[in-house]
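Novice: Only the shape, not the letters, is given here:
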């Protein structure tokens, strides 16, 4: 039986174990391990690491999140969303697969972990909103192309070309006639098994089934002699704490890459936490889960691996198979540890093409086709944002494209804020309700009264245009009473406050009575106090409703 969900954890560090169910968590852990083992191997190969490094990352992510995280279901480990980003960035500093490359990956994991821990400690969950939905959809589409291009050579039995993504696509197109049919059948056979299993039930470990079948076929039919490349020897040594010996300048050069990876991890962790909440009746504690993911990356670095991330599909598996706490993730980590200690001989004949087939499925799954179609139909400008983001990720070096994707998302937010303009209000006939004027709604206006508002935070981005719009209202309607409906002004910065002071002074100079209604935001109220706006606006001209202001002050 599960423990009381509201019980206090015996040890605060392991908050996510507070309501474990031994039977349910062990069953969920077994299913999670069956899903994670082939996925972690494939993701490690995607990043240019041997398979056991993926196992280290999964064990570290599971332990770290159980230690500091709060979400009961979240699975943390190697993730194909961030792997192409940091692999591309590290490859620009050292040869893929070299000791220097692994040392840089360890350092990067420690840096990402430190940034995540800082984000959780200082409650910076808002950073997860840096990527808007269209930018995130375009980002994932671009990452998908990178994964497909990187894995197709292995699935087709071809040499992997070097250079930019578009050049590699061109080379693959000219070399496709040299495809090894046996390797092709293995890669796309595994892809088909995973795809069909997913369609039947997400609980079926299709990747593991495909991987085992491909490995047995390789051994039984002697496919290695027919040009099928295999994983080869996998060391059974267990991870030991290690620190990279890097010159200071390399740590400095890793900072931009660490920042980009951290933002993506924050976005995906927050999305996973909100999609699978511990308690549906309470808001998700994103900051607490940043701590868990950060601890996972720090441990992953100490274990000699790379940064880790939350996985929505694996988290869904835990939630759907009866998992009640992070005991499920720890159980899966123990199973992976046992495989690493006693079963590495089983892994040496795993075909590279089988791992490629698994990653092709992952690449196709992260393309959010339905959202792309919906955004295209409902907001063509934001659909163009998807295309622009995907193009940046595909055409540029991936770490640069990811950084510019973040910049594009911020510019999109700034553009949306600057578009906010003054809104005029009218009274709904027969009521005391004042509503934004609309061509399809009949409203009433009172002579000598103008009611205006801004349905956005008032900041340096839109305050100058708001002042211009107010001047137009004063010039065209010449009101005796101007009521500022402030329910939409949830924030007011210093620049905006100075502009409001100017507006109040202009109204006083023109003999226009100014009133404030529905200043509901606590932050906006605090801004009025801090910026001394009440020095220019009498407090008796502040009202709870527009109708009250009109009745008290209209002549």
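Specialist: Sure, I can see it. Just so it is clear, the structure is predicted and the values come from calculations on it, not from any experiment.
Novice: for the chain, what are the low-confidence residue spans?
Specialist: Scanning the chain for pLDDT under 70 picks out 1-11.
Novice: Now do the helices in the stretch 101-250 of the chain.
Specialist: For the stretch 101-250 of the chain, applying DSSP state H, counting those that start in this stretch gives helices covering 133-156, 165-175, 181-200, 206-220, 248-275.
Novice: which outside residues touch the fourth one?
Specialist: In this case it means helix 206-220. Contacts with helix 206-220, where a contact means CB atoms under 8 Å, 6 or more residues apart in numbering, come from 34-35, 37-39, 42, 186, 189-191, 193-198, 223-224, 228, 230, 346, 349-351, 353-355, 357-358, 361. Glycine gets a C-beta too; all of them are placed from N, C-alpha and C.
Novice: List buried residues within those residues.
Specialist: In the contacts of helix 206-220, burial by neighbour count holds for 34-35, 37-39, 42, 186, 189-191, 193-195, 197-198, 223, 228, 230, 349-351, 353-355, 357-358, 361, counting by 16 or more other CB atoms under 10 Å.
Novice: The residue nearest to residue 548 when sequence neighbours are not counted and residue 504: what is the separation?
Specialist: With CB to CB, 6 or more residues apart in numbering as the criterion, residue 548 has its nearest non-adjacent residue at 7.3 Å, and that residue is residue 517. Separation of residue 517 from residue 504 (CB to CB, to the nearest Å): 15 Å.
Novice: the more surrounded of the two?
Specialist: residue 517 (24 against 21; other CB atoms under 10 Å).
Novice: ok, the more buried one - contacts?
Specialist: 483, 484, 485, 486, 542, 543, 544, 545, 546, 548, 549.
Novice: And residue 17, by the same measure?
Specialist: 9, 66, 325, 326, 327.
Novice: Select from those residues the one having the most neighbours.
Specialist: residue 326 leads those on contacts (other CB under 10 Å) with 32 neighbours.
Novice: which among the contacts of residue 517 end up buried?
Specialist: Here, 16+ other CB under 10 Å leaves 483, 484, 485, 486, 542, 543, 545, 546, 549 buried among the contacts of residue 517.
Novice: Go through those and flag which are in strands.
Specialist: Counting by DSSP state E, those place 483, 484, 485, 542, 543 in strands.
Novice: can you tell me which residues contact the first one?
Specialist: Contacts of residue 483 were listed using CB under 8 Å, 6+ apart, and they are 425, 449, 450, 451, 452, 515, 516, 517, 546, 549, 550.
Novice: Report the beta-bridge partner residues of it.
Specialist: residue 451, residue 515 (DSSP bridges).
Novice: Also the fourth one?
Specialist: Bridge pairing for residue 542 (DSSP bridges) gives the partners residue 516.
Novice: In this structure it contacts residue 524, no?
Specialist: No: using CB atoms under 8 Å, residue 542 makes no contact with residue 524, being 11.6 Å away.
Novice: Quick check: the farthest pair among the ones in strands among the buried ones among the contacts of residue 517?
Specialist: Across these, the longest distance by CB to CB is 12.2 Å; it joins 485 and 542.
Novice: quick one: contacts for residue 51?
Specialist: Taking CB under 8 Å, 6+ apart as the criterion, residue 51 is in contact with 40, 41, 44, 45, 231, 234, 347, 350.
Novice: ok, and the closest non-adjacent residue to the third one?
Specialist: By that I understand residue 44. Closest to residue 44 by CB to CB, 6+ apart is residue 54, at 3.0 Å.
Novice: and of the contacts of residue 51, the nearest to residue 528?
Specialist: residue 40 (53.9 Å).
Novice: Where does that closest one sit, in terms of helix or strand?
Specialist: helix 22-46 (DSSP states H and E).
Novice: Pull the distance from stretch 211-229 to the chain's centre.
Specialist: 38 Å (CA atoms, centre = their mean, to the nearest Å).
Novice: what comes up buried for it?
Specialist: Buried residues in stretch 211-229, counted by 16+ other CB under 10 Å: 211, 214, 215, 217, 218, 223, 228, 229.
Novice: Residue 141 touches residue 390, doesn't it?
Specialist: Yes: with contacts counted by CB under 8 Å, residue 141 reaches residue 390, the gap being 4.3 Å.
Novice: can you pull out the strands in the stretch 401-550 of the chain?
Specialist: 423-427, 434-436, 449-453, 481-485, 513-517, 542-543 (DSSP state E, counting those that start in this stretch).
Novice: Return the list of helices and strands in contact with the second one.
Specialist: The elements that strand 434-436 packs onto, with contact taken as 3 or more CB pairs under 8 Å, 6 or more residues apart in numbering; DSSP states H and E, are strand 423-427.
Novice: Any buried residues in stretch 162-169, and which?
Specialist: 165, 168.
Novice: And for residue 97, nearest residue in space, chain neighbours not counted?
Specialist: Per CB to CB, 6+ apart, closest to residue 97 is residue 48, 5.4 Å.
Novice: so how many other residues sit close to that neighbour?
Specialist: 21.
Novice: Phi and psi next, for the closest residue to residue 229 other than its chain neighbours.
Specialist: Take residue 229 and drop its neighbours on the chain: the residue closest to it by CB to CB, 6+ apart is residue 352, 4.5 Å away. Main-chain torsions, residue 352, degrees, to the nearest 10: phi -60, psi -40.
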